[in-house]
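1. Provided below for reference: sequence and predicted model.
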4 protein chains.
Amino acid sequence: MSAVKSEIEIVVRSTEIDVNGHVNNAKYLEYLEWGREDWYEQAGFHYDVFLQMGIQTVTVNININYRKECRQGERLFIRTRAERAGNSSYVLQQEIVNEAGARCIDAAVTSVTMDAAARKSTPIPEQLRKLFPHND
Amino acid sequence: MSAVKSEIEIVVRSTEIDVNGHVNNAKYLEYLEWGREDWYEQAGFHYDVFLQMGIQTVTVNININYRKECRQGERLFIRTRAERAGNSSYVLQQEIVNEAGARCIDAAVTSVTMDAAARKSTPIPEQLRKLFPHND
Amino acid sequence: MSAVKSEIEIVVRSTEIDVNGHVNNAKYLEYLEWGREDWYEQAGFHYDVFLQMGIQTVTVNININYRKECRQGERLFIRTRAERAGNSSYVLQQEIVNEAGARCIDAAVTSVTMDAAARKSTPIPEQLRKLFPHND
Amino acid sequence: MSAVKSEIEIVVRSTEIDVNGHVNNAKYLEYLEWGREDWYEQAGFHYDVFLQMGIQTVTVNININYRKECRQGERLFIRTRAERAGNSSYVLQQEIVNEAGARCIDAAVTSVTMDAAARKSTPIPEQLRKLFPHND
């Protein structure tokens, strides 16, 4: 299976900047969530696919680097790819790049697969695991 | 100088929860920013103090753990304390605790002090450095 | 039945102001929603009360006047009261007042009661109607 | 001068919906603001044009009708046009239409032109007034 690579394009809107004229730190986490939604969609994991498996994914850690400020009107590209998978946790690697090609943000987002009924972590389903590079 | 420890209390509002009924991941970063604002205020670093020093602080990394979900109407406590200081960067440690005393979020937020005119990193001013534990 | 009058107190947070240093226009609508949630709570209309009645309330119009700008750190009071009720629609009147007692915002919010199953408007249930002044 | 008609296209994002799965009431006001920004841009009123005129525009009223709910992933079109101008106030008419052509939102947004120094209302500059239909 070839790797799923998602890229969405957005425009920084007036209500997304703070008093200094830059995109607010918290807003970037929204941008990244939009990117992950697209990655899941492309990977065939629409919301109800997990539901039917009885699985919920829960974000447990986000480690985000703020490298370059973004301003109103800028066109940004949010890229998401599978980084690595453990037993019940996996990491998506994301970056936000501006039109000049400069990397503004990068982030590693760690999620855990949970059994929705038991509310306990459960092994990553094979359908999801195979999207990650083989690490041995 | 005794350590500055900030705690602010908030209530989770209806517009801060997502489709699953929990506080959205990005919203916690707003909560944490509100906590840091209070820490700076208590430490005597009102916005114009840095301005007068010709210094800007820029957040360069946030590493956040999501430990427990929060829901509408919950009362939360956002705590912020100085963790460690390097030459031109420093780390504030933050946590969000619910009424039952459970830790919902913890995060390390790394900032850099910049010379506002030169737009280059500059050593942390002494007035800020002395708020951090002495690490030797 | 005595009138339900709700007042909640909030503090303007750093992430709620725009590039001009004022609370953003859209944010006030969030503040007003928080106020209405409190009004419904005080009136005994917790979310599940409407559910059990098979009723949904849908906001159909908001008419908001922006009278005075609010800034970060300001303490604001959001007041909500029942204004008038028609057959299947009703109006809550809201205002936001600052610590000096100046009215910053006032708004009339019109909602309609819907039969949740049929997705059609339905007369306001008596339990809700009696909270409104008698208009004859 | 031909009328300026602005239309921007957006996608409803996951962090913009509420617990009911619909776009939150307040969020629509952000969408409308994005639309007005585009209208001003197209009309040649970049932010600094008003500044150079010593003029500030302040929104004093928004009257918004919520006609149809919007959901995550929907593509929406935000349209803005000049409605009417008074002495120192003017109204922009806006609507949000979905892909099926249904009108989800319409709103009238009233703004006032202020002398930025005196902080008092001032007649609408001719450059702006001529963008409005001639009402006599």
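-> Perfect, I can see it now.

2. From now on I want contacts and neighbour counts done on CA atoms only, so please keep to that.
-> Noted.

3. Pick out the residue closest to the middle of chain A.
-> A:Arg36 (3.4 Å; C-alpha atoms, centre = their mean).

4. just to confirm, which helix or strand has it in it?
-> Applying DSSP states H and E as the criterion places A:Arg36 in helix A:25-42.

5. could you check whether stretch A:20-37 is close to chain B?
-> Yes: Stretch A:20-37 reaches chain B (C-alpha under 8 Å from any C-alpha of the partner chain) through A:25-30.

6. And for that stretch, what's in contact with it?
-> For stretch A:20-37, contacts defined as C-alpha atoms under 8 Å, 6 or more residues apart in numbering or on different chains pick out A:6-8, A:12, A:16-18, A:69-72, A:78-80, A:94, B:25-30, C:15, C:19, D:13-15.

7. Then stretch A:86-93?
-> Residues external to stretch A:86-93 that are found in contact with it (C-alpha under 8 Å, 6+ apart): A:80-85, A:106-114, A:121-124.

8. Give me the buried stretch members for it, please.
-> A:88-93 (16 or more other C-alpha atoms under 10 Å in any protein chain shown).

9. In a markdown table, list those along with pLDDT and distance to C:Ile55.
-> A markdown table is the format used below for the buried residues of stretch A:86-93 (pLDDT from 0 to 100; distance: C-alpha to C-alpha, whole Å):
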| residue | pLDDT | distance to C:Ile55 |
| --- | --- | --- |
| A:Ser88 | 96 | 41 |
| A:Ser89 | 97 | 41 |
| A:Tyr90 | 97 | 42 |
| A:Val91 | 98 | 42 |
| A:Leu92 | 97 | 41 |
| A:Gln93 | 98 | 44 |
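
10. Pick the one among the residues you listed closest to chain D.
-> Distance to chain D, by C-alpha to the nearest C-alpha, is smallest for A:Leu92 among the buried residues of stretch A:86-93, at 17.6 Å.

11. Would you mind getting the angle between the helix or strand where that closest one lies and helix A:25-42?
-> In this assignment (DSSP H and E), A:Leu92 forms part of strand A:89-98. Strand A:89-98 and helix A:25-42 meet at an angle of 110 degrees, taking axes from the mean of the first three to the mean of the last three C-alpha atoms, to 10 degrees as the criterion.

12. Could you point out the helix or strand that follows strand A:89-98?
-> In the C-terminal direction from strand A:89-98 (assignment by DSSP H and E), the next one is strand A:103-115.

13. got the angle between that following strand and strand A:89-98?
-> 160 degrees.

14. Could you verify my assumption that A:Arg13 touches A:Leu76?
-> No: taking contact to mean C-alpha atoms under 8 Å, the distance of 11.1 Å between A:Arg13 and A:Leu76 leaves them out of contact.

15. neighbour count winner among those two?
-> Set side by side, A:Arg13 and A:Leu76 show unequal neighbour counts under other C-alpha atoms under 10 Å in any protein chain shown, the larger going to A:Leu76 at 24 against 19.

16. so who does that one touch?
-> With contacts defined as C-alpha under 8 Å, 6+ apart, A:Leu76 is in contact with A:9-12, A:96-99.

17. Are any of these buried, and if so which?
-> By 16+ other C-alpha under 10 Å, the contacts of A:Leu76 give A:10, A:12, A:96-98 as buried.

18. Dump the buried residues of stretch A:86-93 to JSON lines, plus distance to B:Gln52.
-> What follows is those, written out as JSON lines (distance: C-alpha to C-alpha, whole Å):
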{"residue": "A:Ser88", "distance to B:Gln52": "50"}
{"residue": "A:Ser89", "distance to B:Gln52": "47"}
{"residue": "A:Tyr90", "distance to B:Gln52": "45"}
{"residue": "A:Val91", "distance to B:Gln52": "42"}
{"residue": "A:Leu92", "distance to B:Gln52": "41"}
{"residue": "A:Gln93", "distance to B:Gln52": "39"}
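
19. circling back to that earlier point, buried residues in the helix holding A:Arg36, which are they?
-> Neighbour-count burial for helix A:25-42 flags A:25-40 (criterion: 16+ other C-alpha under 10 Å).

20. Ok, stretch A:128-136 next?
-> Using 16+ other C-alpha under 10 Å as the test for burial, stretch A:128-136 gives A:128-129, A:131-132.

21. Export only the CA atoms of it, formatted as PDB.
-> C-alpha atoms of stretch A:128-136 as PDB (Å, rounded to 0.1, in the frame of the first residue of the first chain):
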ATOM      1  CA  LEU A 128      -4.800   1.600  10.100                       C
ATOM      2  CA  ARG A 129      -1.400   0.000  10.900                       C
ATOM      3  CA  LYS A 130      -0.600  -0.800   7.300                       C
ATOM      4  CA  LEU A 131      -0.600   2.900   6.500                       C
ATOM      5  CA  PHE A 132       2.500   3.400   8.600                       C
ATOM      6  CA  PRO A 133       6.000   2.700   7.500                       C
ATOM      7  CA  HIS A 134       7.300  -0.700   8.400                       C
ATOM      8  CA  ASN A 135       9.600  -0.200  11.400                       C
ATOM      9  CA  ASP A 136      11.700  -3.200  12.300                       C
END
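
22. ok now that stretch, how far from the chain's centre?
-> The gap between the average C-alpha position of stretch A:128-136 and the chain average comes to 16 Å, counting by C-alpha atoms, centre = their mean, to the nearest Å.

23. what's the helix or strand for A:Leu128?
-> Going by DSSP H and E, A:Leu128 is part of helix A:126-129.

24. before we move on, back to that, and the next helix or strand after the helix holding A:Arg36, how far from the chain's centre?
-> If you walk from helix A:25-42 toward the C-terminus, the next helix or strand you reach (DSSP H and E) is helix A:47-53. Mean C-alpha position of helix A:47-53 versus that of the full chain (C-alpha atoms, centre = their mean) differs by 18 Å.

25. quick one: the next helix or strand after helix A:47-53 near chain D?
-> Of the helices and strands lying after helix A:47-53 in sequence (DSSP H and E), the nearest is strand A:55-66. No: using C-alpha under 8 Å from any C-alpha, strand A:55-66 stays clear of chain D, coming no nearer than 14.6 Å.

26. Tell me if strand A:55-66 is near chain B.
-> Yes: using C-alpha under 8 Å from any C-alpha, a contact is recorded between strand A:55-66 and chain B, made by A:59-66.

27. Need the buried ones among the contacts of A:Leu76 in CSV (columns: distance to A:Met53 and pLDDT).
-> Rendered in CSV, the data for the buried ones among the contacts of A:Leu76 read as follows (distance: C-alpha to C-alpha, whole Å; pLDDT from 0 to 100):
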residue, distance to A:Met53, pLDDT
A:Ile10, 32, 97
A:Val12, 36, 96
A:Ile96, 31, 98
A:Val97, 34, 98
A:Asn98, 37, 98
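
28. Closest one of those to chain D?
-> The closest of the buried ones among the contacts of A:Leu76 to chain D turns out to be A:Ile10 (C-alpha to the nearest C-alpha; 8.9 Å).

29. Bridged to that closest one, which residues?
-> Beta bridges link A:Ile10 to A:Leu76 when assigned by DSSP bridges.

30. From what I see, it and A:Phe77 are in contact.
-> Yes: assessed by C-alpha under 8 Å, A:Ile10 is found in contact with A:Phe77 at 6.5 Å.

31. near chain D, which residues of chain A?
-> Taking C-alpha under 8 Å from any C-alpha as the test, the list of chain A residues beside chain D reads A:13-15, A:30, A:33-34, A:37.

32. Is it possible to get CSV of those that adds pLDDT?
-> Converted to CSV, the residues of chain A next to chain D look like this (pLDDT from 0 to 100):
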residue, pLDDT
A:Arg13, 95
A:Ser14, 92
A:Thr15, 93
A:Glu30, 97
A:Glu33, 97
A:Trp34, 97
A:Glu37, 95
